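>>> Sequence first, then the predicted structure:
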Amino acid sequence: MGEIFRLEGVSKSFKSGSESLQILNNINLSLPEGVTLAIQGKSGSGKSTLLSIMALIEKPTSGKVIYGGKDTTCMNEAEIAALHRKTMAFVFQNSLLLEDFTALENVALPLMNNHISKKESYDMAREILARVGLEDRISHRSTELSGGERQRVALARALVTKPAVLFADEPTGALDEESAKLVEDLILNTVTENKLSLVLVTHNSAFAARCEKVLTLSFKELHE
């Protein structure tokens, strides 16, 4: 089994006035291909910061993030952007859909940004929207969709590029119980079917328990 990424001695601090506030301390972690990982912890413990470092959205203060055997701290912005496009996808608590775009257009956009033709992009978008149960909502703008529907569109948009790893930060946190369960099932089933890796940050302990590995972030460190 190959490795998606590895953290080596990752720490993160922020400046707060004249002081330095440490959020993460000496985090070491490897994510194998096809493994689902949940990270739990109290609010403010640094879970989202850790996910952002794993996903190369933020840089660690010290330590290394290794993708494909390469130290990403030595990469420039263009190289990191290419790694994002080829390897990663994201779902957040807020769906972050473009409000003036239809569900179909939102999902097709990352494909067209990868220089895939409009026709092929739309065909692929229709297919994956059908898989998340939204074939009858493809022409609706995001403002015309329910919260659960918007998250399903966001999931479709994330998965349409066939990433190696899906990063999900509280993807069901703003949903009612029924919608949350539907999105939860869709994420886990789709990840399993496509043999993707998953990094999930969630307050939902039942959701986390469905992942193969669960770690807790407390006192700036990860624990089994």
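That came through, no problem.

>>> per-residue confidence for the spatially most central residue of the chain?
In the chain, the residue lying closest to the centroid (Cα atoms, centre = their mean) is residue 167, at 1.8 Å. pLDDT for residue 167: 96.

>>> Start at 10, not 1
Got it, first residue is 10 now, which makes that one residue 176.

>>> May I have the phi/psi pair for it?
Dihedral angles of residue 176 (phi, psi; degrees, to the nearest 10) stand at phi -100, psi 120.

>>> Provide a list of residues in contact with it.
Each residue near residue 176 by Cβ atoms under 8 Å, 6 or more residues apart in numbering is listed here: 60, 63-64, 97-100, 208. Every C-beta, even on glycine, is put in place using the N, C-alpha and C of the backbone.

>>> ok, 10 Å please
Contact analysis of residue 176 by Cβ atoms under 10 Å, 6 or more residues apart in numbering lists 60-61, 63-64, 66, 97-101, 167, 206-210.

>>> before we move on, what about residue 51?
212, 225-227.

>>> can you pick the most crowded of those?
Among these, the one with the most neighbours (other Cβ atoms under 10 Å) is residue 226, at 21 neighbours.

>>> most residues in a single helix of this protein, which one?
helix 186-202 (DSSP state H).

>>> Each with direction, which strands does the helix or strand just after it pair with?
Next helix or strand after helix 186-202 toward the C-terminus (DSSP states H and E): strand 206-210. If you go by DSSP bridges, strand 206-210 pairs up with strand 45-49 (parallel), strand 174-178 (parallel).

>>> ranges for the strands of this structure?
Secondary structure of the chain (DSSP state E): strands located at 12-25, 28-41, 45-49, 71-76, 79-80, 97-101, 174-178, 206-210, 222-227, 230-232.

>>> orientation of the third one relative to helix 186-202 in degrees?
Our comparison of strand 45-49 with helix 186-202, counting by axes from the mean of the first three to the mean of the last three Cα atoms, to 10 degrees, yields an angle of 140 degrees.

>>> where does the chain have low pLDDT?
The chain contains residues with pLDDT under 70 at 10.
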